[in-house]
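need coordinates for the below:
(chains A and B)
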Amino acid sequence: MPKPLRYVNAVAQALNDAMAADPAVMLMGEDVAAAGGPFKATRGLLDAHGPERVRDTPISEASLVGAAVGAALTGMKPVVEIMFMDFVTLAMDAVVNQAAKARFMFGGQCSVPMVLRTPHGGGLNAGPQHSQCLEAWFAHIPGLRVVCPATVADAYSLLRAAIEAPDPVVVVENKALYALQGDIDVTAPREVGKARIDRAGRDATIVTYGATLYAARAAADRLAAEGIEAEIVDLRWIQPWDEEAVFASVAKTHRVVIAHEAVQAFGVGAEIAARIASDAFDDLDAPVLRVGAPFMPIAFAKTLEAAYLPDADRIVAAVKSTLA
Amino acid sequence: MPSSAAQADSIPANSIPTDRRLALHRTMQTIRATETTLSRLFADGEIPGFIHLSVGQEAVAAGVVGALGPQDSFATTHRGHGHVLARGVRLDLFFKEIMGRAGGICGGRGGSMHVADLSLGVLGANGIVGAGLPLATGSALAHQTRRTGGVAVAFFGDGAMAEGALHECLNMAALWKLPMVFVCENNGWSEFSPTSTQFAATLDKLGAAFGVPHRRVDGNDVAAVAEAAAEVVEAARGGGPRILECLTTRWHGHFEGDPQRYRNADEIAGLPQNDPLRRSAEALLAAGVEESALAALVDAVDADIRDALEAARADALPDVDAAFRDVYTPTTLTAGA
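This next block holds a predicted model:
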């Protein structure tokens, strides 16, 4: 049996294996080299691959992400780390106007094979500027891919898939998951846009991604104790999301709750709910419900953060509401 | 207004061989005639969107791009026609792109502000002021890491001097000793405002802050630009960024149709006094080139442009389905280990 890895080590393993497999892969970011990254996701890679391919950058988010685009257009496959997802605000031109558009606006002459890794989410009381879940911004931009691995196995294989994908991919990790333990499978298929049925059930579907998977599992356990079998779909990919898997589950259970840590309004859940309403309406026996964060910035204090994050209570209540 | 050209380096007229001067002149003539044609087409409604012309700045494009080798790359600006034309993008594909046709170099998806030819190392014109600077920085990083021997050039206007991207990229390029040249086309105008009202520093001092050598040239003297560009490109190739500041003149408005009411009428009237093409022609005549040879060159360029324009007018309009297929790269990614 392989020794279980932590999520953060699965990330490092994926980066290491991708660099070993392809000399074009390089890492860039603030403190990714000597310091091994603020969460140690790149620990050991400087020694393994050298300072040219594992490069500490100045605290210049806008230009370092723009430089990754330029490097990608000149034959490299850069993997950029943005220390907290909140800081992508500084790099939005590079991601939204440059990386996402180059292939299309240059008539398909090129693609931009880069990855932007960044952690989102609460759970560490990191406060309003170090905890946001901004993935919906990127899912909204044609040309970008967005992936959010919830498990240790996916932290490895989805990052490998993101690095192999020819287009820019935003890989969103949840910093509350970095210590999670599990196994990886280096031979697992590396797919773009495929969801995973985390738990089979017949009575209702919980569509989720990222750390909210664990709240969904807790909710499903409690519902099961009451005889309600919830199916959990772990989306994994947000752009593109697996419509086939979600619609198949809806056709089976006829009830849907979409749960994510990001603010509910205008979020990923809103898109999925709207698509189910328009394309799978006949399969529904109840309105599609969403469980997300309230429309306020995430706060620092433990009580405030706990109230903000979607938990099993809210998911249980939403599922029961669809069954009422 | 840019500081006076008298402060800039100048170069004796005879230090560049005549055939090289003729090639530079032809490049400038192609840019001038193309953009003059585009100006007319725009006024006639044949070009959608916005176009930003570089009339008056041709010496920078010809001189700098002419100093690059085939392995080199550059990112340019929203005023980038001259750079891509100097690099040798096919004229018919260029006209088709600007006119929004299916056969354009970018399939009619980018237009004037996004002309690119990756096969020539042209990383694209850019609709965002200063955004080419990080792209070129990353391209230089790739040249260094891959040991291509290439240099990346970032063209930027003086308006971009106020952008943080310039400051960040100077820092990164200096830290990493990137093979990179920062080429500022300083025409004195940040869109509709004098740059003197927008930027408190000067580029030489900004470069000095990061230890990046700076050289300023008379950007309307193509020989001076060519000589300086050759020097800075080769210096950068050996390791470490350089800045080349070219003092030049923007004849037209920020975009076509801009009446330039913010500009002094005397300044506009005086622009042709410093016409890089006229100066280049005078230098050629002084070097013994016949007037008829220059006239023949103008005719040849005009004929090329007529052919390209005709091809563009005859080309189809872009197809939505074809465009849609290029939002993402077609791929089926299911590889395992």
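
how close does whatever residue of the stretch 151-300 of chain B ends up closest to chain A sit to B:A142?
Residue nearest to chain A within the stretch 151-300 of chain B (C-beta to the nearest C-beta): B:E168, separated by 3.7 Å. Where you see a C-beta, it was placed from the backbone N, CA and C, and this is true even at glycine. Going from B:E168 to B:A142 by C-beta to C-beta, to the nearest Å gives 18 Å.

likewise for B:R237?
Per C-beta to C-beta, B:R237 is found 14 Å from B:A142.

which of those two has more neighbours?
Ranked by neighbour count (other C-beta atoms under 10 Å in any protein chain shown), B:R237 and B:A142 place B:A142 first, with 26 against 19.

wasn't the more buried one part of a helix?
Yes: counting by DSSP: H, G, I helix; E, B strand; the rest coil, B:A142 falls inside a helix.

partner strands of the one helix or strand B:V153 maps to and their direction?
When secondary structure is defined using DSSP states H and E, the element that contains B:V153 is strand B:152-157. Here strand B:152-157 has these sheet partners by DSSP bridges: strand B:73-75 (parallel), strand B:180-186 (parallel).

what separates that strand from the chain centre, distance-wise?
If you compare the mean C-alpha spot of strand B:152-157 with that of the full chain, they lie 8 Å apart, counting by C-alpha atoms, centre = their mean, to the nearest Å.

can you give me the strands in the stretch 151-300 of chain A?
If DSSP state E, counting those that start in this stretch is used as the criterion, the strands of the stretch 151-300 of chain A fall at A:169-174, A:181-182, A:196-199, A:204-208, A:230-234, A:237-239, A:256-263, A:289-293.

helices or strands next to the fourth one in the packing?
With contacts taken as 3 or more C-beta pairs under 8 Å, 6 or more residues apart in numbering or on different chains; DSSP states H and E, strand A:204-208 sits against helix A:212-225, strand A:230-234, helix A:243-253, strand A:256-263, helix A:312-323.

who touches that strand?
A:150, A:215-216, A:219-220, A:223, A:228, A:230-235, A:246, A:249-250, A:252-253, A:255-260, A:269, A:272, A:315, A:319, A:322-323 (C-beta atoms under 8 Å, 6 or more residues apart in numbering or on different chains).

could you redo the last one with a cut-off of 7 Å?
When contacts are taken as C-beta atoms under 7 Å, 6 or more residues apart in numbering or on different chains, the neighbours of strand A:204-208 outside the stretch itself are A:216, A:219-220, A:228, A:230-235, A:246, A:249-250, A:253, A:255-260, A:272, A:315, A:319, A:322-323.

in its sheet, what does it sit against?
Sheet pairing of strand A:204-208 (DSSP bridges) gives strand A:230-234 (parallel), strand A:256-263 (parallel).

let me know which of these is tucked in deepest.
Among these, the stretch with the highest mean neighbour count (mean count of other C-beta atoms under 10 Å in any protein chain shown) is strand A:256-263, at a mean of 28.

who's in contact with that one?
For strand A:256-263, the external contacting residues (C-beta under 7 Å, 6+ apart) are A:121-122, A:133, A:135-136, A:204-212, A:215-216, A:250, A:267-269, A:272-273, A:276, A:288-293, A:295, A:309-310, A:315, A:318-319, A:322.

which of the residues you listed count as buried?
With burial judged by 16 or more other C-beta atoms under 10 Å in any protein chain shown, the buried subset of those is A:121-122, A:133, A:135-136, A:204-212, A:215-216, A:250, A:267-269, A:272-273, A:276, A:288-293, A:309-310, A:315, A:318-319, A:322.

contacting residues for the residue nearest to A:E305 when sequence neighbours are not counted?
The shortest distance from A:E305 to any residue that is not its chain neighbour, by C-beta to C-beta, 6 or more residues apart in numbering or on different chains, is 5.1 Å, and that residue is A:G122. Contact criterion C-beta under 7 Å, 6+ apart gives A:131, A:176, A:261, A:298, A:305, A:308-309 as the residues in contact with A:G122.

the strands in the stretch 1-150 of chain A, which residues?
Counting by DSSP E, counting those that start in this stretch, the strands of the stretch 1-150 of chain A are A:5-6, A:25-29, A:54-56, A:77-81, A:115-120, A:145-147.

up against chain A, what does the stretch 151-300 of chain B have?
In this structure, the stretch 151-300 of chain B approaches chain A at residues B:164-165, B:168-169, B:171-172, B:175, judged by C-beta under 7 Å from any C-beta of the partner chain.

could you redo the last one with a cut-off of 10 Å?
With C-beta under 10 Å from any C-beta of the partner chain as the criterion, the stretch 151-300 of chain B comes near chain A at residues B:152, B:154, B:163-173, B:175-176, B:178.

in strands, which of those fall?
The strands in this structure, assigned by DSSP state E, contain B:152, B:154 from these.

return the members of the residues of the stretch 151-300 of chain B next to chain A classed as buried.
The neighbour-count test (16+ other C-beta under 10 Å) applied to those identifies B:152, B:154, B:163, B:165-173, B:176, B:178 as buried.

low-confidence stretches in chain A?
Applying pLDDT under 70 to chain A flags residues A:1-2.

spatially central, which residue of it would that be?
In chain A, the centroid-proximal residue (C-alpha atoms, centre = their mean) is A:C148; its distance is 1.5 Å.

surely that residue touches A:W237?
Yes: in this structure, A:C148 is within contact of A:W237 by C-beta atoms under 10 Å, at 7.8 Å.

list the residues that contact both of those two?
With contacts defined as C-beta atoms under 10 Å, 6 or more residues apart in numbering or on different chains, the residues adjacent to both A:C148 and A:W237 are A:139, A:158, A:209.

now distance to B:L93 too, for the residues you listed, in a markdown table please.
What follows is the shared contacts of A:C148 and A:W237, written out as a markdown table (distance: C-beta to C-beta, whole Å):
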| residue | distance to B:L93 |
| --- | --- |
| A:A139 | 34 |
| A:L158 | 39 |
| A:Y209 | 43 |
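
of the residues you listed, closest to A:A21?
Out of those, the one with the shortest distance to A:A21 is A:L158. That distance is 15.8 Å, counting by C-beta to C-beta.

domain assignment for chain A?
A:5-182, A:196-323 (the TED database).

now do the same contact list for residue 320.
Using chain A here. Going by C-beta under 10 Å, 6+ apart, A:K320 touches A:204, A:219, A:223, A:226, A:228, A:257.

ok, now which ones touch the spatially closest residue to the fifth one that is not a sequence neighbour?
What sits nearest to A:I228 in space, not counting adjacent residues and going by C-beta to C-beta, 6+ apart, is A:D203, at 5.0 Å. With contact taken as C-beta under 10 Å, 6+ apart, A:D203 is in contact with A:223-224, A:227-231, A:252-255, A:319, A:322-323.
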